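# What would the 3D arrangement of this be:
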Amino acid sequence: MKNIALDSILQLILSLNYVDTKRLNSSVKQKLDSDIVGKVIAEREDIVSECPHCHSPEFVKHGVTAKGIQRYRCKECKKTFCSLTKTPLYKMRKQDKWLSYVSMMWDGITLRKIAKTLNISLRTAFFWRH
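This next block holds a predicted model:
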């Protein structure tokens with residue numbers, strides 16, 4: 001699927017002068033630095049060395065997930081996996097709220113207060129704790 005908004009932004013970059021390009025670069029760096037969960041995912045993609053199911057080192061790239069995470073397919077057991085398989089972040093939604101949640105848990109804030117602050121359900125807060 002093609003991202004039309006990204007394509008139009010990339011075309012507009014060519015018309016920017018040097019100063020505006022530097023400002024854009026700074027904004028992009030700030031966005032990347034603030035996305036800690038995205039950094040963890042990218043770092044894990046760099047170190048995938050075996051299938052998490054059968055531990056075979058023989059696997060191939062097998063597309064990407066809807067969130068853009070690289071998927072792999074094991075040549076031995078034929079199962080697919082990504083860098084987050086068998087980690088707490090696998091299939092997690094609301095990744096942007098997870099770090100705030102962990103911080104509040106360390107501070108001893110109740111689940112009800114965390115759920116209200118982060119605008120998540122009490123059930124989600126409970127499952128994340130476990």
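# Specify the local secondary structure of residue 43.
helix (DSSP: H, G, I helix; E, B strand; the rest coil).
# gap between it and residue 59?
Going from residue 43 to residue 59 by CB to CB, to the nearest Å gives 18 Å. Every C-beta, even on glycine, is put in place using the N, C-alpha and C of the backbone.
# So which of those two has more stuff around it?
residue 59 (21 against 10; other CB atoms under 10 Å).
# so who does that one touch?
48, 50-51, 72-75, 81 (CB atoms under 8 Å, 6 or more residues apart in numbering).
# go with 7 Å
Contact analysis of residue 59 by CB atoms under 7 Å, 6 or more residues apart in numbering lists 51, 72-75.
# List buried residues within these.
Neighbour counting over those (16 or more other CB atoms under 10 Å) leaves 51, 72, 74 as the buried ones.
# Inside strands: which ones of the residues you listed?
Secondary structure defined by DSSP state E assigns 72, 74 of the buried ones among the contacts of residue 59 to strands.
# So what touches the longest helix along the chain?
In the chain, with assignment by DSSP state H, the single longest helix is helix 18-34. Applying CB under 7 Å, 6+ apart, the contact partners of helix 18-34 are residue 16.
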